[in-house]
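[1] what shape does this take:
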Amino acid sequence: MLNTFTLANGRLFQEEIDSLEELSRLRPIWVDLESPTPEEKQWIKQYFGLSIPDDAMNEDIEESARFHKEDNGDLHIRSDFLVADIQDPHTVRVAFILNLAEEALPSQGVLFSIHDEDVPVFRLLRLRARRAPGLIEDAKGVLLKLYDADAEYSADTLEGIYDELVRVSRLVLSGDVTDDLASSVLAAIAHQEDMNGRIRRNAMDTRRAVSFMLRIKMLTASQVEEARQILRDIDSLDSHTAFLFDKINFLMDATVGFININQNKIIKIFSVASVALLPPTLIASLYGMNFRYMPELAWRGGYPAALALMAASALLPMWYFRRRGWLK
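    Numbers count the residues shown, from 1 in each chain. Have a look, this model is predicted:
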């Protein structure tokens, strides 16, 4: 899918492109390619003179490979954007190409983004740009606003994580945690821990990209201040993710503690039962000895008396244990 975005009257307008002729009629500042076909890549090459590299979205974490500048002035930035899906949270690798130096190139001043699936942050920016005139001034502003929207998207996701942890903490701290409830609680905590970790990694990636933009001095004075504000927002995200990690660890320890308590209750019951049944076992063993001279064996009431003695020897310890509160 190929979408172009043109700037008119301070607003960003989107148009989906189905042919090279449609593309040639536009002067976009942003060209977004989602799972581009070979034909769409060819249109970009014919109209803008830009070849989309086949390894544009490779999972290469080396900074020299993800953030670099070509000899012709093309800036290459590869960033990961969060998709906070409830069932399948993950990140999407996006490759950005921006030429600001070579005015002879048709691609000069145009931001190109290449990715394999839809990115929520892109939708958020498109919605903002349609509603807020003057939000974006040029291709650099598009790139910067994408990172700004990414930081806000991460912040909103962190709020959702905190709300879920508050719900889980009410269940854990209620004190009535069964094994089934503990299992579901641990699954929920693990899910939020995974999401929190992805946000922290995503924030680190955004910091690296914005720092690269500042380092190569490609931004205007107002954009530099905006970039610094994004970095400050990311710092606050880092501290909040650290707080959530602490809360997650506390809830994890508390839940595991309740599981241990439940297991100890079961073990205690077996321990008490084994102690309570020890006296009748001793009595039964005593009268099971094969001695010839045992006075009770000739007694007509010996058998019922032995049973009564065994029952009494079992009930008396149980009564004592219950009185001491050991059976609760």
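
[2] which helix runs longest in the protein?
    Counting residues, the longest helix found in the chain (DSSP state H) is helix 221-276.

[3] packing partners of the strand or helix carrying Ile77?
    Ile77 belongs to strand 74-83 when elements are defined using DSSP states H and E. Contacts defined by 3 or more Cβ pairs under 8 Å, 6 or more residues apart in numbering; DSSP states H and E place strand 74-83 against helix 63-66, strand 67-69, strand 90-99, helix 120-131, helix 139-173, helix 179-215. For glycine as for every other residue, the C-beta is placed from the backbone atoms N, C-alpha and C.

[4] next one: that strand to chain centre, how far?
    Offset of strand 74-83 from its chain centre (Cα atoms, centre = their mean, to the nearest Å): 19 Å.

[5] that one pairs with which strands?
    With DSSP bridges as the test, strand 74-83 is paired with strand 67-69 (antiparallel), strand 90-99 (antiparallel).

[6] now for the nearest residue to Ser169 once chain neighbours are set aside, how many residues are close by?
    In space, and not counting its chain neighbours, Ser169 is closest to Leu251: 5.9 Å by Cβ to Cβ, 6 or more residues apart in numbering. Using other Cβ atoms under 10 Å, Leu251 has 22 other residues around it.

[7] where does the stretch 101-250 of the chain dip in pLDDT?
    Along the stretch 101-250 of the chain, segments meeting pLDDT under 70 span 101-105, 107.

[8] and with 80 instead?
    Across the stretch 101-250 of the chain, the ranges flagged by pLDDT under 80 are 101-108, 130-135, 174-180.

[9] would you mark the buried spots in the strand holding Ile77?
    When burial is assessed from 16 or more other Cβ atoms under 10 Å, strand 74-83 yields the following buried residues: 74-83.

[10] ok and that strand relative to helix 179-215, angle-wise?
    With axes from the mean of the first three to the mean of the last three Cα atoms, to 10 degrees defining the directions, strand 74-83 sits at 160 degrees from helix 179-215.

[11] angle of strand 74-83 against helix 120-131?
    Strand 74-83 and helix 120-131 are oriented at 100 degrees to each other (the same axes, to 10 degrees).

[12] for the longest helix of the chain, name the packing helices and strands.
    Helix 221-276 packs on helix 139-173, helix 179-215, helix 302-324, going by 3+ Cβ pairs under 8 Å, 6+ apart.

[13] model confidence for Ile97, exactly?
    Ile97 carries a pLDDT value of 90.

[14] next one: Gly325
    68.

[15] what's the answer for Tyr287, then?
    Reported pLDDT for Tyr287: 64.

[16] now swap in Asn290 and tell me
    pLDDT, Asn290: 58.

[17] and the gap between Ala190 and Thr255?
    11 Å (Cβ to Cβ, to the nearest Å).

[18] the two: which is more packed in?
    The neighbour comparison of Ala190 against Thr255 (other Cβ under 10 Å) goes to Thr255, with 23 against 12.

[19] tell me the contacts of the more buried one?
    172, 177, 182, 185-186, 189 (Cβ atoms under 8 Å, 6 or more residues apart in numbering).
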